[in-house]
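Engineer: Sequence and predicted model, in that order:
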Amino acid sequence: MITVTDLRKVYRQGKKEVVALDGVSLSVPKGSIHGIIGHSGAGKSTLVRCLTLLDRPTSGSVNIDGTELSSVRDSEIRAARRRIGMVFQHANLMDSRTAAGNVAHPLELVKTPKDQTRAKVAELLKLVGLEGFENAYPSQLSGGQRQRVGIARALASDPDVLLCDEPTSALDPATTDEILDLIQDLTRRLQLTVLIITHEMHVVKRVCGSVSLLAKGRVVEAGGLAEVAAELDSKLARALLPLPASEPIKGALQAGPVLEILFSGESAKEPVLTSVARHFDIDLNVLAGSVETLGGQQFGHLRVQLADNVDYDAVVGYLRDRGIGAKVVDAAVVPSDEDDFPSEPTDFAAETGDLK
Amino acid sequence: MNEIFSNPVLAKALPEAIVETLQMVGISAFFTVLVGLPLGVFLHATAPGGLRPMPVVNRIVSDIVVNITRSIPFAILMVALIPLARLLVGTSLGPVAASVSLSIGTIPFFARLVEACLRDVHHGKIDAAQVMGSTRMQVINKVMLPESLPALVAAATTTVVTLVGYSAMAGLVGGGGLGKLAYNYGFQRFDVTVMIVTIVLIIVLVQVIQLTGERISRSLDHR
């Protein structure tokens, strides 16, 4: 269990004060994965540095299973750090050490006996699926394998919390999913508390139970995945269930009002659209839609167009009475939700033309 | 060929000159690494943004000691340090005495190279080491030095090659070695054979050092 309360970090740049974190609070129970999503400059890196005590927060507290980290004395800071295992975007392995040597690194620091180290390293490498790669150097491993070594190394000091800073942002889509599944599997088996910092919604969708949206140093939205996805107007719902830009369909219907509908959980099992059509005896067109399972629940986000002679307030009321989010949007301006956070894993290799 | 073997100077003085040169280069290389490596680590660690920033101390060591020593031409430094050599080893003559000024001349040079090597260690590796609970010494010993070892070996190689050049100069003021041989016989007595042979030997020595250094550096590099 990790609890962060009202964490603030203010940097001084000459006479100017830069507020990097402006009262961040979050709480993640044992055995669950919490995603922290935000654009660059939102304060993600500062949050990581404060959680790992690489930087001291200006005020606020970081508490792991009842131990206060932010007020720990300098002499105890190293022991405190060992309670957090960290996975980096580029793994940050030592090139001069083999896979086994890298995993043994945190154990060497506290002078663990050789035979114990050897046994632990073998166990950890097996845990991340790298049996037989003990003597491989990082340069001989693929990006995904390097990240697995990084995860094994992070677990070597038996941490309570695993902090993953953009763990898949440098990996291709297939490897991204492998690494995410590994993190999820380890979370269950070792009862870890996991924080994943990312800018990819895909990561949140695939493994996170809860999520916080960080913007300008503040948590602007937070909650369980199913919870935040059910809020029609929340930024996170738009990012989790994105709709592409669409234009009203001309011809079949008189250009009427455009409605956005969001149904979740039980209501997702109802045949919503056909029941509306029957009840009001109207026709409607689906302009865009997104259907996903998030946090174990079914979600649907639809944009539909009604005929122009329909009493759309009555339709909205009818849907809301059945626990379905609905609102009228300006048909002329229907923006895409997809610019915000990539919901598919980004293939950096393909993007940069680096196909190595 | 015959001329080389029948040359009395080469037959008598060459073996001794080779030994003296190797002594000078060997002794001063040893002390240069012994003192220059920690000095380079110190310069890097105390610099702003380093492991233990100490702006004033860093300024003093970096600007005054290292830069001033490096800006004095070696030929002058060598002569200026003759009293120090006499103080430390009891004589100002011979390869051991020459090694004093050779070491002092190359220590700052090597320290700067070490500093640059350490600066090239990716910062993420140092972050990773700190997050796993390393002390500063552990960051230096287990991350910075091993990760920059191939570069450090290359830097040491460059330094030793420089030392070979300096040692020829040191030969002129009493150090002995190939430099003295070339100067005394090749230059002052117009013995072209001696001149050519010493030049060839110095070239071979530099080549051997360079190739060995490169080979070691490559074998250590796992990137």
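Structural biologist: Now that the structure is in, tell me what you want to look at.
Engineer: Specify the helix with the largest residue count in chain B.
Structural biologist: Longest helix of chain B, by residue count under DSSP state H: helix B:8-46.
Engineer: buried stuff in it?
Structural biologist: In terms of neighbour count (16 or more other CB atoms under 10 Å in any protein chain shown), helix B:8-46 has its buried residues at B:9-10, B:13-14, B:17-18, B:20-25, B:27-29, B:31-33, B:35-37, B:39-46. Every C-beta, even on glycine, is put in place using the N, C-alpha and C of the backbone.
Engineer: Give me the next element, helix or strand, following that helix.
Structural biologist: helix B:55-59 (DSSP states H and E).
Engineer: Could you pick out the residues of chain B near chain A for me?
Structural biologist: Chain B comes close to chain A at residues B:122, B:124-125, B:127-135, B:138, B:142-143, B:146-147, B:149, B:220, B:222-223, as judged by CB under 8 Å from any CB of the partner chain.
Engineer: Give me the buried subset of those.
Structural biologist: Judged by 16+ other CB under 10 Å, buried ones among the residues of chain B next to chain A: B:125, B:127-134, B:138, B:142-143, B:146-147, B:149, B:222.
Engineer: before we move on, the earlier item: now for the longest helix of chain B, which elements pack on it?
Structural biologist: With contacts taken as 3 or more CB pairs under 8 Å, 6 or more residues apart in numbering or on different chains; DSSP states H and E, helix B:8-46 sits against helix B:55-59, helix B:94-119, helix B:149-170, helix B:177-181, helix B:192-220.
Engineer: Highest mean neighbour count out of these?
Structural biologist: helix B:177-181 (a mean of 26; mean count of other CB atoms under 10 Å in any protein chain shown).
Engineer: average pLDDT across it?
Structural biologist: Average pLDDT, helix B:177-181: 86.
Engineer: what does it contact?
Structural biologist: For helix B:177-181, the external contacting residues (CB atoms under 8 Å, 6 or more residues apart in numbering or on different chains) are B:9, B:13-14, B:17-18, B:20-21, B:23-24, B:95, B:98, B:167-172, B:194, B:198, B:201-202.
Engineer: same question, stretch B:82-93
Structural biologist: B:96, B:97, B:98, B:100, B:101, B:104, B:173, B:174, B:175, B:176.
Engineer: Look up the closest residue to the fifth one, ignoring the ones flanking it.
Structural biologist: Of all residues beyond its chain neighbours, the one nearest residue B:101 is residue B:81 (4.0 Å), with distances taken as CB to CB, 6 or more residues apart in numbering or on different chains.
Engineer: Likewise for the third one?
Structural biologist: Distances taken as CB to CB, 6+ apart place residue B:175 nearest to residue B:98, at 3.0 Å, with adjacent residues excluded.
Engineer: in chain A, which segments are predicted with low confidence?
Structural biologist: A:247-255, A:330-356 (pLDDT under 70).
Engineer: tell me the helices in it, going along the chain?
Structural biologist: According to DSSP H, the helices that chain A contains are A:44-51, A:77-81, A:99-109, A:114-127, A:143-155, A:173-190, A:201-207, A:225-229, A:235-240, A:272-280, A:312-321, A:348-352.
Engineer: Using CSV, please lay out these together with mean neighbour count and distance to residue A:298.
Structural biologist: Formatted as CSV, these follow (neighbours: other CB atoms under 10 Å in any protein chain shown; distance: least, CB to CB, whole Å):
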stretch, mean neighbour count, distance to residue A:298
helix A:44-51, 23, 30
helix A:77-81, 18, 41
helix A:99-109, 23, 40
helix A:114-127, 15, 33
helix A:143-155, 25, 31
helix A:173-190, 17, 20
helix A:201-207, 24, 13
helix A:225-229, 22, 10
helix A:235-240, 23, 13
helix A:272-280, 15, 12
helix A:312-321, 15, 17
helix A:348-352, 11, 31
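Engineer: do you know which of those lies nearest residue A:265?
Structural biologist: Ranking these by their distance to residue A:265 (criterion: CB to CB) puts helix A:225-229 first, at 7.1 Å.
Engineer: starting at the chain centroid, how far to that closest one?
Structural biologist: Mean-position distance between helix A:225-229 and its chain equals 13 Å (CA atoms, centre = their mean, to the nearest Å).
Engineer: counting contacts, what elements does it pack onto?
Structural biologist: Against helix A:225-229 (3+ CB pairs under 8 Å, 6+ apart) you get strand A:210-215, helix A:235-240, strand A:284-294, strand A:297-306.
Engineer: got the contact list for stretch A:263-275?
Structural biologist: A:226, A:229-230, A:261, A:284, A:286, A:297-300, A:302, A:304, A:319, A:322-325.
Engineer: no wait, stretch A:56-70
Structural biologist: So stretch A:56-70 is contacted by A:1-10, A:21, A:23-24, A:50-51, A:53, A:71, A:80, A:83-84, A:160-161, A:193 (CB under 8 Å, 6+ apart).
Engineer: which parts of it are buried?
Structural biologist: A:57, A:58, A:60, A:62, A:63, A:64, A:69, A:70.
Engineer: from these, which is closest to residue A:200?
Structural biologist: residue A:62 (24.7 Å).
Engineer: what's the closest non-adjacent residue to the closest one?
Structural biologist: Per CB to CB, 6+ apart, closest to residue A:62 is residue A:69, 4.4 Å.
Engineer: That neighbour and residue B:126, how far apart?
Structural biologist: According to CB to CB, to the nearest Å, residue A:69 and residue B:126 sit 21 Å apart.
Engineer: helices and strands around the one helix or strand residue B:126 maps to, which ones?
Structural biologist: For residue B:126, the host element (DSSP H and E) is helix B:123-131. Judged by 3+ CB pairs under 8 Å, 6+ apart, helix B:123-131 is in contact with strand A:84-87, helix B:136-139.
Engineer: If we use 10 Å, what do you get?
Structural biologist: Secondary-structure packing of helix B:123-131 (3 or more CB pairs under 10 Å, 6 or more residues apart in numbering or on different chains; DSSP states H and E): helix A:44-51, helix A:77-81, strand A:84-87, helix A:99-109, helix A:143-155, helix B:136-139, helix B:145-147.
Engineer: hmm, back to that, let's have the helices of chain A in CSV, adding distance to residue A:93.
Structural biologist: Below are those laid out as CSV (distance: least, CB to CB, whole Å):
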stretch, distance to residue A:93
helix A:44-51, 18
helix A:77-81, 18
helix A:99-109, 5
helix A:114-127, 13
helix A:143-155, 6
helix A:173-190, 15
helix A:201-207, 21
helix A:225-229, 32
helix A:235-240, 32
helix A:272-280, 50
helix A:312-321, 53
helix A:348-352, 19
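Engineer: Minimum distance to residue B:115: which of those has it?
Structural biologist: helix A:99-109 (24.4 Å).
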